[in-house]
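Participant: Sharing a model prediction with you, sequence too.
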There are 2 protein chains.
Amino acid sequence: MKQFPNLIPDCTVLVVGMGLIGGAYAKALSEKGYRVLGITRSREVIDEALREGTIADGDTAVNPALIAEANIIIFGLYPAVLLDWIDQNGHLITPGTVVTDVTGVKGCVVERVQEMLPMGVEFISAHPMAGKELIGSNTLDVYCAATPDMFRGANYLVVPTDKNTPEAIRLCEQLGRLLGFGRVTRLTVEEHDRTIAYLSQLTHAIAVSLMCCAGEGSDTASDADIARLSLLTGDSFRDLTRIAKINDTMWSELFLSNREALLEQMDLFSERFTAMRDALAEGDSDKMREMMRLSTTRRNYFDKNSR
Amino acid sequence: MKQFPNLIPDCTVLVVGMGLIGGAYAKALSEKGYRVLGITRSREVIDEALREGTIADGDTAVNPALIAEANIIIFGLYPAVLLDWIDQNGHLITPGTVVTDVTGVKGCVVERVQEMLPMGVEFISAHPMAGKELIGSNTLDVYCAATPDMFRGANYLVVPTDKNTPEAIRLCEQLGRLLGFGRVTRLTVEEHDRTIAYLSQLTHAIAVSLMCCAGEGSDTASDADIARLSLLTGDSFRDLTRIAKINDTMWSELFLSNREALLEQMDLFSERFTAMRDALAEGDSDKMREMMRLSTTRRNYFDKNSR
């Protein structure tokens, strides 16, 4: 049985799924001197990662030798793909290995993965809050867009359950700091999913809905209408809709994977938005100003805690 | 009777209301060699503007000599204050003067101002889409925050009615270019108010509502809850709520001044947001993805037309 890993430079890390996040993990860790292995579907990505020296070895297939060699395995996969992978190949992971992930939802992932893994393999879940929009890029371009400094200043959320050992939790937190994240925070699965529903998924749902109601709310606003609007835009609209360019495959899966928490946040938002609407309809300036002042006071915290 | 002004360096410009926008106009125009006069309530602002040479003359009172001397008068006032000012002092403006404004709503302003002004005085309305959040700053600090290059790359909307002459419209457009705006566009009053309701006011209503529903939608979320949330935030939430720090006096007035158009846009947004919510509740991935793809296609126009 392998020794429980420590994040010291003689430990071997396997990255499964070398997309944007997995690719950035691999590049950052190899730059720090770790021995990094890779498993990902694209031959081109494996070849490029070998050529540039990011990985010492890699395969497009689920290679048991690479899996056995790793002290730490990082899964850079979408939630449903991760669950499938563990279901089919989890038995190949050898005792003493610590496994972590990068998925943006946890309720549907963490306990199931922990249940499926063999005895002696510990899964400690994490969520690196970072990314770039790369819609339509091919697999190799996505890998190449990953940079080892991508996480500078960003948040790294560690999401343990009562199945986790203090050692694995510490290891995962150490990994976050090593990758250059600005802040490492521990959350329960429920806190994580509620927080992410509010801070990330709700904001994306809002931006998409705002973009879709352009041109008087019609789906059939012409391209010319939208082009004209875009000429009149100020910074506030531009900032608010930056995330309206969205990977529909990934985000629809994330929304559905966190359905209950997101529905709750969407309903809470609707309630406030309707309160503002009704205050306006009734000419209730005091109510509108009260909301604006609350909003201003709260937003100040976000300035103070900006990077 | 004064000659109809041309924007040549011997023309005299009076700025009434030297806040952020009025101040920036005064600074930009004096830098370009125009003779600039100022009327604003704060003695400190007048003194500072005289000291630094932004204005050649100024007063805290409504000084008829300054008004008579001006070929162009620019009102940097809130909509209701502008209407009051014109109502009480409009008769002091001498024939041959061109008057413009900077108000963010037009339906409640343009025709009323045009009706109130004396014969021979032409009001051509404009909306400089620029600003900074300076909540809580005193009058002098706001004036000092105004910079002559504040409009670089921003949009300048000229909003004529059938009462306007081609000469005044051209003069106003010339003024926008002279101030350094990146794009000068002509809109009708109705187009302007609908466009602004969507691009600007709706986005502010959304950002405020989103900030207000933090901490599970309760007004009573503690400061500690909000501070904790702010530590977990990614860029998307931060960008989306930048405008949630809002001047409640100005924005409640802007909302109420454009009530019908804004209510229409708020309802159109709610309809789309509810469609997204229902698709999620029903597990209708196709519908969610369809909205995300429409949103992505449309948002591309805003990238192409970015500054």
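Facilitator: On my side now, so go ahead.
Participant: drop to CA atoms for contacts and neighbour counts, all remaining ones
Facilitator: Fine.
Participant: Please tell me how far A:Ala227 sits from A:Glu31.
Facilitator: The gap separating A:Ala227 from A:Glu31 is 44 Å, by CA to CA, to the nearest Å.
Participant: For the two, indicate the residue with more neighbours.
Facilitator: A:Ala227 (17 against 14; other CA atoms under 10 Å in any protein chain shown).
Participant: could you measure that one against B:Phe302, distance?
Facilitator: Distance, A:Ala227 to B:Phe302, using CA to CA: 8 Å.
Participant: and what of A:Glu271?
Facilitator: 30 Å.
Participant: which of the two has more neighbours?
Facilitator: B:Phe302 (22 against 15).
Participant: and A:Ile55, what does it touch?
Facilitator: Taking CA atoms under 8 Å, 6 or more residues apart in numbering or on different chains, we find A:Ile55 in contact with A:26, A:30, A:35-38, A:49.
Participant: ok, which stretches of the stretch 151-300 of chain A are helices?
Facilitator: A:166-178, A:189-196, A:202-212, A:223-232, A:235-241, A:248-257, A:259-281, A:285-304 (DSSP state H, counting those that start in this stretch).
Participant: tell me the most buried of these?
Facilitator: helix A:202-212 (a mean of 27; mean count of other CA atoms under 10 Å in any protein chain shown).
Participant: now for that one, which elements pack on it?
Facilitator: Helix A:202-212 sits against helix A:235-241, helix A:259-281, helix B:235-240, helix B:259-281, helix B:285-304, with contacts defined as 3 or more CA pairs under 8 Å, 6 or more residues apart in numbering or on different chains; DSSP states H and E.
Participant: how about 10 Å then?
Facilitator: helix A:235-241, helix A:248-257, helix A:259-281, helix B:202-212, helix B:235-240, helix B:259-281, helix B:285-304 (3 or more CA pairs under 10 Å, 6 or more residues apart in numbering or on different chains; DSSP states H and E).
Participant: quick one, what contacts A:Leu202?
Facilitator: By CA atoms under 10 Å, 6 or more residues apart in numbering or on different chains, the contact list for A:Leu202 reads A:196, A:208, A:255, A:261-266, A:269, B:210, B:237.
Participant: What does the pLDDT read for it?
Facilitator: The model reports A:Leu202 with a pLDDT of 96.
Participant: now the one 10 residues further on
Facilitator: Predicted confidence (pLDDT) at A:Cys212: the value is 92.
Participant: Ok, A:Asn138 next?
Facilitator: pLDDT, A:Asn138: 89.
Participant: repeat for the one 3 residues further on
Facilitator: Here, the pLDDT recorded for A:Asp141 equals 93.
Participant: again with A:Ile8
Facilitator: A:Ile8 is given a pLDDT of 61.
Participant: Phi first, then psi, for A:Arg112.
Facilitator: Main-chain torsions, A:Arg112, degrees, to the nearest 10: phi -60, psi -40.
Participant: Could you report the distance from the residue lying closest to A:Glu190 once chain neighbours are set aside to A:Leu171?
Facilitator: Counting by CA to CA, 6 or more residues apart in numbering or on different chains, A:Gly107 is the residue found nearest to A:Glu190 once chain neighbours are left out, at 7.0 Å. Distance check for A:Gly107 against A:Leu171: by CA to CA, it reads 22 Å.
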